[in-house]
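Asker: just need the structure, nothing else, for what follows:
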Amino acid sequence: MQRITAIIAAATLTAGVVSVPAMAQDTAQSGSQAQQAPAKNFSDDQLHQFADASQDIAQISQNYTQQLQNASDQGEQQKIRQQANEEMVSAVKGSGMTVEQFNSIGQAIQQDPQLMQRVQGMVQQKQQ
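Answerer: Next up, the predicted model:
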């Protein structure tokens, strides 16, 4: 259970990193969406997609953590973060979601323990 929580925590923590390109592309729209309360009526399909993307993002984050720690300067760290971010965005899109949808669910999970439990259950089912 701790591993599942760690996967989802990693995904929700990196959701802020993933949202940066989206906000840069359309600051006005994304900025207003980011300030709105996240919707809580997500379909099971959306939550499954989020669970899939979360696992991928946790793995990407883990892969790049060592590289970041070994980076020699801030320029190299920035390059590594950009590569990781691009892979995370690809993972989210590959799951069938937009970055905005992923971030919305991530925010809702942080605020709603029952929703967190639903997603954790989905991750557990996939691991069995």
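Asker: what's the longest helix in this protein?
Answerer: Longest helix in the chain by number of residues (criterion: DSSP state H): helix 44-70.
Asker: continuing past that helix, what's the next helix or strand?
Answerer: Proceeding N to C from helix 44-70, the next assigned helix or strand is helix 74-94, under DSSP states H and E.
Asker: the helix or strand following that next one to helix 74-94, inter-axis angle?
Answerer: Using DSSP H and E, the next helix or strand after helix 74-94 towards the C-terminus is helix 99-111. With axes from the mean of the first three to the mean of the last three C-alpha atoms, to 10 degrees applied, the angle from helix 99-111 to helix 74-94 works out at 90 degrees.
Asker: from the contact counts, what lies against whatever helix or strand comes next after helix 99-111?
Answerer: Counting by DSSP H and E, the element after helix 99-111 in chain order, helix or strand, is helix 113-127. If contacts are counted by 3 or more C-beta pairs under 8 Å, 6 or more residues apart in numbering; DSSP states H and E, helix 113-127 sits against helix 2-25, helix 44-70, helix 99-111. Glycine gets a C-beta too; all of them are placed from N, C-alpha and C.
Asker: and the lowest mean pLDDT element among the helices and strands of this structure?
Answerer: helix 27-35 (a mean of 41; mean pLDDT, DSSP states H and E).
Asker: residues near the nearest residue to Asp52 once chain neighbours are set aside, how many?
Answerer: Excluding the flanking residues, the one nearest Asp52 by C-beta to C-beta, 6 or more residues apart in numbering is Ser95, at 4.6 Å. Neighbour count for Ser95, taken as other C-beta atoms under 10 Å: 20.
Asker: pretty sure Ser95 contacts Asp45?
Answerer: No. Checked against C-beta atoms under 8 Å, the pair Ser95 and Asp45 is beyond contact range at 10.5 Å.
Asker: joint contacts of these two?
Answerer: Common neighbours of Ser95 and Asp45, using C-beta atoms under 8 Å, 6 or more residues apart in numbering, do not exist here.
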